[in-house]
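> Provided below are the primary sequence and the corresponding predicted coordinates.
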Amino acid sequence: LPSAIDIYAGRVLWETPLPGMYTDGGGGGGLGIHSKKHPRPWAYEEAYKFEVTPVERCRASGFNTVSQSDGIYVAAAKNLLRFDPAMGKLLSKWTVPNLSKTGTPARQESATGKSARPTEDLRWGNVRVSGDTLVATLFPPENIADAQAGFDGNGGDWGGDRMPMSHLVAMDRHSGELLWKREANWGFLNRSGICAGGGKVFCVDLITEKVYGKFKEAGRKFPDVPPTLYAFDLATGKEVWQFPLDVYVQNIAYSESKDLLLAPCRNLKEWRDGKWVDLSIDIRRGKRNKNAAGKWRTLRGKDGKVVWEAGDAAYHSPHILLGELIIDRWGYSYDLNTGKRHLRTLETGEQQEWNFKKGGCNHLIACENLVTWRCAYYDLENHRSVKLTGMDAGCSPTLIPAGGVLNVPNFGTHHKRNRMTAMALVHVEIE
């Protein structure tokens with residue numbers, strides 16, 4: 001149920017329904033049916049009584065969404081929905097476009113509620129917007145079942161960012177006209193493995209170790225090409241360059257001002273002889289060392305040339321790019337121009353590496369002066385952390401700086417926290 005709230009008055013402006021799905025995590029915890037209560041959501045019969053089945057969405061709960069001033073786009077399984085931000089009215093309802101040809105609109109559902117069946121049995125995955133172009137991923141439902149995208153001991157949403165998407169398409173975001181399409185060799189990683197900027201779309205085409213194993217059990221055939229990082233022209237879909245990946249890259253980020261694409265590998269995992277080899281395994285303990293050094297590099301956006309690469313730390317993703325600054329998920333800072341630790345100058349003139357201690361399982365959000373997470377923020381100007389006590393939050397990023405205020409949406413979770421209140425905070429100068 002998407003809703004719009006006036007961030008200055010807290011008044012609910014509108015609410016509108018979305019296609020129904022089974023979302024009760026139950027006492028076993030976890031998100032949606034991807035929980036301990038339902039470790040095999042693709043096989044849970046009750047969930048198939050709803051409009052959207054477990055294999056028609058590529059995340060544990062809800063749908064992937066992107067907002068613009070003139071449209072809110074929701075990838076709702078069989079349909080891409082576009083809502084009016086002012087009134088919540090449904091403006092468009094597009095099914096998956098006919099991939100056999102470009103230059104045609106996505107199928108607009110008729111007034112009777114019926115439309116022609118798409119030529120391929122695909123569902124909408126994730127959506128991004130760059131200018132007037134909407135970039136989206138598509139996937140066949142059998143991918144979710146074959147990958148067994150269920151509970152994995154950490155909220156169950158590993159399918160959300162690691163699920164391989166079979167297709168990448170670009171559309172006119174106003175008319176729904178299909179501009180171009182690309183089919184993956186392995187799979188375009190759905191969430192942070194795709195970004196757009198500088199007139200290009202960057203994406204990784206690879207498969208994760210876990211999905212590789214499940215697909216192999218399902219009898220899938222695999223390509224004989226290595227995982228690859230691609231750059232496509234945003235307007236035409238023409239390949240600008242490609243970069244074969246020797247290490248596992250799950251999240252990428254692009255700085256348009258620097259024309260640099262960051263491609264990090266958190267802990268060293270290399271592609272050898274057609275499979276991933278995890279070099280972060282602690283042989284003595286038989287477990288992965290999550291703090292083992294990884295490898296990252298930046299590539300120039302215009303030609304894919306490596307600008308720098310390093311392998312000194314565990315590069316926890318996703319990363320924030322803020323000017324010349326990189327901040328990783330756990331608050332460590334790096335220089336975007338070199339990949340080395342970022343230095344701040346103390347009052348004594350001494351330069352010092354810096355980081356902040358971040359808690360909670362959600363990732364960071366940043367603006368020019370603040371980095372926020374869960375129930376705290378870091379002041380970038382004065383280099384100090386502030387914890388907002390008396391509130392509790394879920395696993396979604398909860399402190400959103402926008403419109404001159406710090407928004408605190410009420411993101412309720414299965415933990416049933418009793419201090420969930422939506423609010424907005426303003427900065428007060430202290431003399």
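Noted; the coordinates are in hand.
> So what does the residue nearest the centre of the chain have for phi and psi?
Against the mean C-alpha coordinate of the chain, by CA atoms, centre = their mean, the closest residue is Arg191 at 3.1 Å. Backbone geometry at Arg191, expressed as degrees, to the nearest 10, gives phi -100, psi -80.
> What of the one 5 residues further on?
Main-chain dihedrals, Ala196, degrees, to the nearest 10: phi -130, psi 150.
> Let's see the pLDDT reported for it.
Among the per-residue scores, Ala196 shows a pLDDT of 96.
> mind listing what the nearest residue to it once chain neighbours are set aside touches?
Nearest residue to Ala196 in three dimensions, chain neighbours excluded: Ser130, at 4.0 Å (CB to CB, 6 or more residues apart in numbering). (Each C-beta comes from the backbone N, C-alpha and C, glycine too.) Residues near Ser130 by CB atoms under 8 Å, 6 or more residues apart in numbering: Ala196, Gly197, Val201, Leu234.
> ok, of those residues, which one's closest to Asn369?
Closest to Asn369 out of the contacts of Ser130 is Gly197 (22.7 Å), distances taken as CB to CB.
> hang on, Val55 is in a helix, isn't it?
Yes: assessed by DSSP: H, G, I helix; E, B strand; the rest coil, Val55 belongs to a helix.
> Count the neighbours of it for me.
23 (other CB atoms under 10 Å).
> returning to what we had before: for the residue nearest to Ala196, name its beta-bridge partners.
Beta-bridge pairing for Ser130 (DSSP bridges): Thr133.
> residue ranges of the helices in this protein, please?
Secondary structure of the chain (DSSP state H): helices at 142-147, 158-162, 209-217.
> what sits up against the first one?
Read that as helix 142-147. 42-43, 54-58, 159, 163-164, 166, 187, 210-211, 214-215, 218, 220.
> PyMOL command to pick out the buried ones of those?
The PyMOL selection below is limited to those of these classed as buried (16 or more other CB atoms under 10 Å):
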select buried, resi 42+54+55+56+57+58+159+163+164+166+187+210+211+214+215
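> So which of the contacts of Ser130 sit within strands?
Counted as lying in strands by DSSP state E, out of the contacts of Ser130, are Ala196, Gly197, Val201.
> Go ahead and confirm the last one touches Ala170.
It refers to Val201. Yes: with contact defined as CB atoms under 8 Å, Val201 and Ala170 form a contacting pair (7.1 Å).
> overlap in contacts of these two?
Val135, Leu234.
> Report the beta-bridge partners for the nearest residue to Val249 once chain neighbours are set aside.
In space, and not counting its chain neighbours, Val249 is closest to Ala263: 4.8 Å by CB to CB, 6+ apart. Beta-bridge partners recorded for Ala263 (DSSP bridges): Arg297.
> list the contacts for Ala263?
Per CB under 8 Å, 6+ apart, neighbours of Ala263: Val204, Leu229, Phe243, Leu245, Val249, Ile252, Trp296, Arg297, Thr298, Leu299.
> separation between the fourth one and Cys265?
Counting by CB to CB, to the nearest Å, the separation of Leu245 from Cys265 is 9 Å.
> ditto for Ser255
The value you get for Ser255 to Cys265, if CB to CB is used, is 19 Å.
> Between these two, which is the more surrounded one?
Cys265 (24 against 19).
> low-scoring pLDDT stretches of the stretch 1-150 of the chain, where are they?
Scanning the stretch 1-150 of the chain for pLDDT under 70 picks out the ranges 24-36, 101-120, 150.
> who's in contact with stretch 311-322?
192, 250-251, 253-255, 262, 264-268, 290-296, 326-330, 332, 336, 363-366, 368, 371, 380.
> Apply 7 Å and report the result again.
Stretch 311-322 has contacts (CB atoms under 7 Å, 6 or more residues apart in numbering) with 192, 250-251, 253, 255, 262, 264-267, 290-296, 326-330, 336, 363-364, 366.
> ditto for stretch 286-297
Contacts for stretch 286-297 (CB under 7 Å, 6+ apart): 247, 262-268, 278, 280-282, 306, 308-315, 339.
> which of those are buried?
Using 16+ other CB under 10 Å, the buried ones in the contacts of stretch 286-297 are 247, 262-268, 280, 310, 313-315, 339.
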